[in-house]
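1. Below is the sequence, then the predicted model.
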Amino acid sequence: MVKKIIKIVLVLALIALIAIQFIRPEKNSEGYKSVATFEAETKPSAEVATILKQNCYDCHSNQTQYSWYSEVAPFSLWLADHIEHGKKHFNVSDWSSYSIKKKEHKLEELVEMVEKDEMPLQSYTIIHGNLSENDKKLLLQWAGLARLQYKHQLEVSSK
């Protein structure tokens, strides 16, 4: 009796797994042109641009490099949710629509999240690896300088 129930549950689980393969979440595909305004304004060095491309843009822009497992449900659904959530908080592809104040604040949040080791997410680093201490240092220096630029613009506009 128990074996029969286990067999039925396994068959139903297999059917469900096959069925969810037909659910295809929408994918980001704008390419790196979608981050051009962000990079033009914040002026990352080539090294920082590489760090951003390898560690940030997948979830925080309209450009995502999808791995093979992004084609397999339930991973595809989980990744789509992660990306949607990441873009809701900070989407560099929407940088031109942000106010000066919001740009400064988003960079402030970036600094806080990196300093607290909350970004990139642990679920991302398991597969892609952690930021090295040098990468963090470069990223934080760049973000600090970019923030100063926006802070200055805010001060000038408030006078």
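-> Done, it's in.

2. Just give me the neighbour total for His105.
-> For His105, the number of neighbouring residues by other C-beta atoms under 10 Å comes to 15. Any C-beta I mention is one placed from the backbone N, CA and C, and that applies to glycine too.

3. pLDDT score assigned to it?
-> For His105, the pLDDT comes out at 95.

4. One more: the one 10 residues further on?
-> Turning to Glu115, the model gives it a pLDDT of 94.

5. Kindly report the same for Gln63.
-> Per-residue confidence (pLDDT) for Gln63: 81.

6. Got the phi and psi for it?
-> In terms of degrees, to the nearest 10, the main-chain angles of Gln63 are phi -120, psi 120.

7. Surely it touches Ser93?
-> Yes: assessed by C-beta atoms under 8 Å, Gln63 is found in contact with Ser93 at 7.1 Å.

8. So which residue is smack in the middle of the protein?
-> Nearest residue to the geometric centre of the chain (C-alpha atoms, centre = their mean): Cys59, 2.0 Å.

9. for the helix or strand harbouring it, packing partners?
-> Assigned by DSSP states H and E, Cys59 belongs to helix 57-60. Counting contacts by 3 or more C-beta pairs under 8 Å, 6 or more residues apart in numbering; DSSP states H and E, helix 57-60 is packed against helix 75-89.
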